[in-house]
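Visitor: Quick one: sequence and predicted model below, then my questions.
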Amino acid sequence: MTTAVAEDRLVALEAKLDAVSHQLEYVAAHLREQEARRGMWDELRRDLAPVTAEALDRASRELDEVRVFVEPSGLLRMLKRVLRDLPYLEALLDQVESLSQLGADLSPLGREVLVAAMAGLADLEQRGYFSFAKGTKGLVDEVVGALGEQDLRELRESVGPAVQALKGLAHPEVMQLLQNVGAELRQPLPQDGGLLRLLWRLRRPQTRRGLARAVALVEALGAAPGEAIPTPPTETR
């Protein structure tokens, strides 16, 4: 009985010793890890010591240069304001990132627009628009130099009637009439056939209508400003 109890106590003691041994091993391993980390930090500190010293020296020189312009109280106030406005700065940075992303998304579209614009300019240059604009510069200079203040005033007052006159000419029958007149003027002069031949041509309806228009044109040219032009009587058969 006593032997069994002694053996149980011995087993329990061995178990406790094993647990203590494991704990000691864990502590020793942790101490070795701490020592290794401390050695790494010491080595890093030794490596960074020259760099840190140079950085502090440079910062000291830079601060000496701006010490005249910056007061410690103002620098501290600026630092407090920056810390207080950090949420706004973060929002601003988010917007800048969004704009940068938008620019990256729009860059292909911008390239396409630029290519289309360059193609349009090349087409205009090939069709002679730029040469026309360059050639009209001298003409515009001469017109500007020739027109005085009074001329410009009269020209401005005559723009309205000129536009109305152009609107009156912008009719198909008027354009056809001008084309017919231009085509006839390009024809060679007819041979002199005598007065009787001319009188014979007066029998043609086209000739009579032309004479009627010529007489109406002469009346319009002779009418005073504001004077009503009499309407020609209707032809009776």
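Guide: Here it is on my side, so go on. Since the structure is predicted, the reported quantities are computational estimates derived from the model, not experimental observations. Residues are numbered from 1 along each chain as shown.

Visitor: Output the lowest mean pLDDT helix or strand found in the chain.
Guide: Lowest mean confidence among the helices and strands of the chain (mean pLDDT, DSSP states H and E): helix 195-201, at a mean of 69.

Visitor: pLDDT averaged over the helix or strand just after that helix - what is it?
Guide: Downstream of helix 195-201, the next assigned helix or strand under DSSP states H and E is helix 205-222. Predicted confidence along helix 205-222 averages 75 (mean pLDDT).

Visitor: just for the protein, where's the confidence low?
Guide: 1-2, 5, 66-70, 72, 169, 185, 189-196, 198, 221, 223-237 (pLDDT under 70).

Visitor: Which helix runs longest in it?
Guide: helix 2-66 (DSSP state H).

Visitor: any idea how far it is from the chain center?
Guide: For helix 2-66, the distance between its averaged C-alpha position and the chain's averaged C-alpha position is 63 Å (Cα atoms, centre = their mean, to the nearest Å).

Visitor: Count the residues that sit near residue 177.
Guide: Neighbour count of residue 177, defined by other Cβ atoms under 10 Å: 14. (Glycine included, C-beta is placed from N, CA and C.)

Visitor: Spell out which helix or strand contains it, please.
Guide: For residue 177, the host element (DSSP H and E) is helix 172-186.

Visitor: Now do that helix against helix 205-222, angle only.
Guide: Between the direction of helix 172-186 and that of helix 205-222, the angle (axes from the mean of the first three to the mean of the last three Cα atoms, to 10 degrees) works out to 100 degrees.

Visitor: could you dump helix 172-186 to CSV, C-alpha only?
Guide: Written as CSV, here are the backbone C-alpha positions of helix 172-186 (Å, rounded to 0.1, in the frame of the first residue of the first chain):
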residue,chain,number,x,y,z
PRO,A,172,-36.2,79.9,-107.6
GLU,A,173,-37.6,82.0,-110.4
VAL,A,174,-35.2,84.8,-109.7
MET,A,175,-32.2,82.5,-109.7
GLN,A,176,-33.5,80.9,-112.9
LEU,A,177,-33.8,84.3,-114.5
LEU,A,178,-30.3,85.2,-113.5
GLN,A,179,-28.9,82.0,-114.9
ASN,A,180,-30.7,82.6,-118.2
VAL,A,181,-29.3,86.1,-118.3
GLY,A,182,-25.8,84.9,-117.6
ALA,A,183,-26.1,82.1,-120.2
GLU,A,184,-27.3,84.7,-122.8
LEU,A,185,-24.5,87.1,-122.0
ARG,A,186,-21.9,84.3,-122.5
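
Visitor: which residues sit in contact with the residue most central in space within the chain?
Guide: In the chain, the C-alpha closest to the average C-alpha coordinate belongs to residue 110, at a distance of 8.9 Å (Cα atoms, centre = their mean). Counting by Cβ atoms under 8 Å, 6 or more residues apart in numbering, residue 110 makes contact with nothing.

Visitor: Nothing else from me, thank you.
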